[in-house]
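K.L.:
after the sequence you'll find the predicted model.
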Amino acid sequence: MAKPGSLLRRSNHLDTEGFTLLELVLVMVVLGLLAFSAIPLFPDGVDRVAEARRLAGEIRLAQSHAMNRGERYTILSTGDSSYEIRDSSNNPVAGSTTTLKRGSLSTFTIEFDSFGSPTAGATTITVTDNGTTQVGVAADTGYVSVP
């Protein structure tokens, strides 16, 4: 049994539970510096690959227009960093003109027949921005490959 008054007595040692405000601030500063220094470690090609995948989607769209409408559709580069889809009368399809946010394209023209096959055979398009990414279109099937 404890002596009367001993439960109310304070101990002489410091409370060591928890962290001080200074320790928390220092940890936050170190984590911030680590996060800031990790930003350059992300690959430069993320935007380039995204642009290549968007181009691949637009190629597939031109191909599906050709198959669904039973007429030729073309997707072609219109500048160093832009391309568009055109119908069989060579008129641009509304809303199909696309400009890359970063980088440039190799010159290309891909025409799809009503079966979705490219009329000129296989094509490789290069997207360049601190490196290169290639989008391929197979000769017979029109299969679009992208990384």
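P.N.:
Received, thanks.
K.L.:
gap between the residue most central in space within the chain and residue 108?
P.N.:
The centroid of the chain falls nearest to residue 50 when counting by CA atoms, centre = their mean (3.1 Å). Remark: distance between residue 50 and residue 108 (CB to CB, to the nearest Å) = 19 Å. (Glycine included, C-beta is placed from N, CA and C.)
K.L.:
who are the contact partners of residue 75?
P.N.:
The neighbourhood of residue 75, defined by CB atoms under 8 Å, 6 or more residues apart in numbering, consists of 58, 59, 62, 83, 84, 85, 86, 108, 109, 110.
K.L.:
and the strand or helix carrying it, which strands flank it?
P.N.:
Assigned by DSSP states H and E, residue 75 belongs to strand 73-79. Here the strand partners of strand 73-79, with direction, are listed using DSSP bridges: strand 82-86 (antiparallel), strand 109-112 (antiparallel).
K.L.:
give me the buried subset of the contacts of residue 75.
P.N.:
When burial is judged by neighbour count using 16 or more other CB atoms under 10 Å, the buried members of those are 58, 59, 62, 83, 84, 85, 86, 108, 110.
K.L.:
so which of these comes closest to residue 146?
P.N.:
Checking the buried ones among the contacts of residue 75 against residue 146 by CB to CB gives residue 59 as the nearest, at 9.0 Å.
K.L.:
for that closest one, give me its contacts.
P.N.:
Under the criterion of CB under 8 Å, 6+ apart, the contact list for residue 59 reads 75, 110, 135, 137, 144.
K.L.:
for it, what is the enclosing helix or strand?
P.N.:
Element membership for residue 59 (DSSP H and E) is helix 46-69.
K.L.:
buried residues in that helix?
P.N.:
Residues 47-49, 51-56, 58-60, 62-63, 65-67 are the ones in helix 46-69 that count as buried (16+ other CB under 10 Å).
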